[in-house]
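Enquirer: Sequence first, then the predicted structure:
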Amino acid sequence: MADPDLRDLDAFVAVARTRNFRRAAVDMRISVSGLSQRLRDLEERLGVRLMNRTTRSVALTEAGELLLSRVAPALRDVGDALDQVRGLREVASGRLRINAPPPAVDLVLAPMVGPFLSVHPQVDLDIVSESGFVDIVSAGFDAGVRYGEHLAQDMVAIPLSGPQSYVVVASPDYLARCGRPKHPKDLLDHDCIRARYSSGVMHDLEFEKAGHVVKVDPPAKLISTNMNLAMRAALDGVGIWATLDGYVGEAVKSGALVSLMEDWCEPFPGPFLYYPSRRQTPPALRAFIDFVANWRKRETRGK
């Protein structure tokens, strides 16, 4: 019996990712019945069931999970290769819209903007900074930036930066007045500078040391989502601030702020650039993806 062709495998991956025949059919621009037939043909050629499906749900079998894990990356590589070849005749131009949380904008995207636009002068960047979760497709964005635990499964994601770390800092004046915490739970007896998300939630501060995780909800002397205000308050001795190291590195180096409990602040993966898994990636987005890959290579060589 003939081996499956790429269209059959594309159909399988589309359904496996969305777990929905109708959505997969729309993505592939074929009828639901045509998509279903392709899946049946594929299963017959392979001689094994890949999916258990009812009118309400789709679940992969063990064979289906194995096939998806091996085939999806290969198809993505084929698609990327074809896109790159087609892109040779396309000049990156037009507006590229990206949604990202403020720390990713401040610490990761900001240094890239000037160099990227100098290489691609016909591209216009539209970067929206917000902490809330956004459906980038329905909101009209080409791509988004989020951390790994918040990425949708049907999105393609690439690392945007290397590992990041939270640091806990305070001014020498504050520490002279109030003492130096040595354990995360000591923060319960200190004034802290905290941030509240746009949803209204103020998450506990989380620390980890040798696999042991400690969460605390210390009192907030100041609550603000504005990094400049939080920095000013920390420098002025208002309280202890837990933030990303990129915001306070220079202040710690100069001695204006003191780093605390460093053994409780382990690094974690940086943010990812993510975008819908589709073959026809817009030229401006493709140019930015390639730029990020080269940027990361230079970062790695520089370490």
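Expert: Perfect, I can see it now.

Enquirer: Where does pLDDT dip in the stretch 1-150 of the chain?
Expert: 1-4, 55, 85-90, 149-150 (pLDDT under 70).

Enquirer: all strands of the stretch 151-300 of the chain, in order?
Expert: Applying DSSP state E, counting those that start in this stretch to the stretch 151-300 of the chain gives strands spanning 155-159, 166-170, 192-194, 205-209, 212-216, 220-223, 240-244, 258-260, 272-276.

Enquirer: need the helices for the stretch 151-300 of the chain, in chain order.
Expert: Ranges of helices within the stretch 151-300 of the chain are 172-178, 227-235, 245-254, 283-302, based on DSSP state H, counting those that start in this stretch.

Enquirer: If you tally nearby residues, what's the number for residue 289?
Expert: Residue 289: 17 surrounding residues under other CB atoms under 10 Å. In short, each C-beta sits where N, CA and C put it, glycine included.

Enquirer: Begin at 507 from now on, thanks
Expert: With the count now opening at 507, the last piece we talked about shows up as residue 795.

Enquirer: Might you report the residue contacts of it?
Expert: Applying CB atoms under 8 Å, 6 or more residues apart in numbering, we find residue 795 in contact with 664, 779, 781, 787.

Enquirer: and what of residue 652?
Expert: So residue 652 contacts 606, 607, 639, 777, 778, 780 (CB under 8 Å, 6+ apart).

Enquirer: Please repeat the previous calculation with a cut-off of 7 Å.
Expert: Contact analysis of residue 652 by CB atoms under 7 Å, 6 or more residues apart in numbering lists 777, 778, 780.

Enquirer: Of the residues you listed, just say which sits nearest to residue 747.
Expert: Nearest to residue 747 among the contacts of residue 652: residue 777, at 20.6 Å, using CB to CB.

Enquirer: Help me confirm that that closest one comes into contact with residue 654.
Expert: No - using CB atoms under 7 Å, residue 777 is not in contact with residue 654; the gap is 8.3 Å.

Enquirer: Look up how far residue 716 lies from residue 726.
Expert: 28 Å (CB to CB, to the nearest Å).

Enquirer: okay, now residue 682: neighbour count?
Expert: Using other CB under 10 Å: residue 682 sits among 11 other residues.
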